[in-house]
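[1] Take this sequence and fold it.
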Amino acid sequence: MSVGLWFMRQKGRATQNARRAKVRTVRHQVYGIAIGLAAVLAPGLVANQAQAQNTEPHRIAVVDVGYIFKSHTGIRTQVAKIEADLKAFDAELKDKREQLRVMAAKLKDLSPGTPDYAALEEQITDMDAKLRLEMNRKRKELADAEAKIYFDNYQHIAEGVKFLAGHYKINLVLRYNSEEMKEGEGQSVIRGVMKNIVYHDEQLDMTPGVMQYLDRVIKTQVAGKPAATSPR
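    The predicted structure follows:
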């Protein structure tokens, strides 16, 4: 290879390296400008997003679940049926206890150790054991039935709250107690003092709307139809 040709190749390589270095420098400058713009603009973008969120309406409502359970006619009817069954069972239980009392009185007239005494004593013991088992079974059955009433209706209340909240664009629904404090009743005063919500606008109370929702749900259940998805 001639010396001239060797110098020409070396010069070409130097020119290429210089161009590559220049491109890298330009890229670094562009990246630096982008980073600088991001640092300047990012706080403004975050502030604009926060401001946009703050301008969106956030609505709050309240509902008195306790009042609904105590006052809704449909729920009270269901609970009243359980209470009636309990009273009927208590009356039946009272009659069986009276039979046991009469049998125990007869036992006193018999001599211990005799066949009649042993037979009556065994009968009383067996009847008393069966009566206790029946009493525990029935009370559990009625307690479970009452719990199911509250469970099912609470689901309906929650569904009604969700529907109304979606319809009126409500973001948050709080549970509250509308019971007024009674100065002469200590428990009432304590409940009043412990209320989580001290004040609310009456227009925020969706309790009446939820009770109307329950009206439709319970009526359709009684009629044997599928529950309505929304009140009208």
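[2] how's this protein carved up into domains?
    3-56, 61-222 (automatic domain parsing).
[3] and the ones you listed as JSON lines, adding mean pLDDT?
    Listed next are the domains of the chain as JSON lines, based on pLDDT from 0 to 100:
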{"stretch": "domain 3-56", "mean pLDDT": "50"}
{"stretch": "domain 61-222", "mean pLDDT": "93"}
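[4] which of these is buried the deepest?
    domain 61-222 (a mean of 14; mean count of other Cβ atoms under 10 Å). In this view, the C-beta of every residue, glycine as well, is placed from N, C-alpha and C.
[5] Can you give me the end-to-end span of that domain?
    30 Å (Cα to Cα, to the nearest Å).
[6] before we move on, what about stretch 170-187?
    33 Å.
[7] Helix, strand, or coil at the residue nearest in space to the middle of the chain?
    In the chain, the residue lying closest to the centroid (Cα atoms, centre = their mean) is Ala158, at 7.0 Å. Assigned with DSSP: H, G, I helix; E, B strand; the rest coil, Ala158 falls in the helix class.
[8] Ok, the one 5 residues further on next?
    Under three-state DSSP, the three-state class of Phe163 is helix.
[9] Ok, the one 10 residues further on next?
    Remark: Val173 carries the secondary structure label strand [criterion: three-state DSSP].
[10] how much space between it and Gly166?
    Val173 sits at a distance of 11 Å from Gly166 (criterion: Cβ to Cβ, to the nearest Å).
[11] Likewise for Gln221?
    23 Å.
[12] again with Lys106
    For Lys106, the distance to Gly166 (Cβ to Cβ) stands at 69 Å.
[13] do the same with Thr73
    From Thr73 to Gly166 the distance is 26 Å (Cβ to Cβ).
[14] Just confirm Val62 is within a strand.
    Yes. Applying three-state DSSP, one finds Val62 inside a strand.
[15] What sits closest to it if chain neighbours are left out?
    Nearest non-adjacent residue to Val62, counting by Cβ to Cβ, 6 or more residues apart in numbering: Tyr176, 4.6 Å away.
[16] contacting residues for the one you found?
    Val62, Val63, Asp64, Lys195, Asn196, Ile197, His200 (Cβ atoms under 8 Å, 6 or more residues apart in numbering).
[17] and Leu107, what does it touch?
    Here Leu107 is in contact with Tyr117, Leu120, Glu121, Ile124 (Cβ under 8 Å, 6+ apart).
[18] If we use 10 Å, what do you get?
    Listed by Cβ atoms under 10 Å, 6 or more residues apart in numbering, the contact set of Leu107 reads Asp116, Tyr117, Leu120, Glu121, Gln123, Ile124.
[19] Mind giving me the packing neighbours of the helix or strand containing the third one?
    Assigned by DSSP states H and E, Leu120 falls within helix 115-167. Counting contacts by 3 or more Cβ pairs under 10 Å, 6 or more residues apart in numbering; DSSP states H and E, helix 115-167 packs against strand 60-63, helix 65-71, helix 73-108, strand 172-175, helix 207-222.
[20] quick one: which of those is nearest Val189?
    Proximity to Val189 (Cβ to Cβ) singles out helix 65-71 among those, at 16.9 Å.
[21] what's next to the closest one, contact-wise?
    If you take Cβ under 10 Å, 6+ apart as the criterion, helix 65-71 is touched by 64, 75-76, 79, 149-150, 153-154, 156-158, 160-161, 175-179, 191, 205, 207-208, 210-211, 214.
[22] again, 7 Å this time
    Ile75, Tyr150, Ile157, Arg175, Asn177, Ser178, Thr207, Val210, Met211 (Cβ atoms under 7 Å, 6 or more residues apart in numbering).
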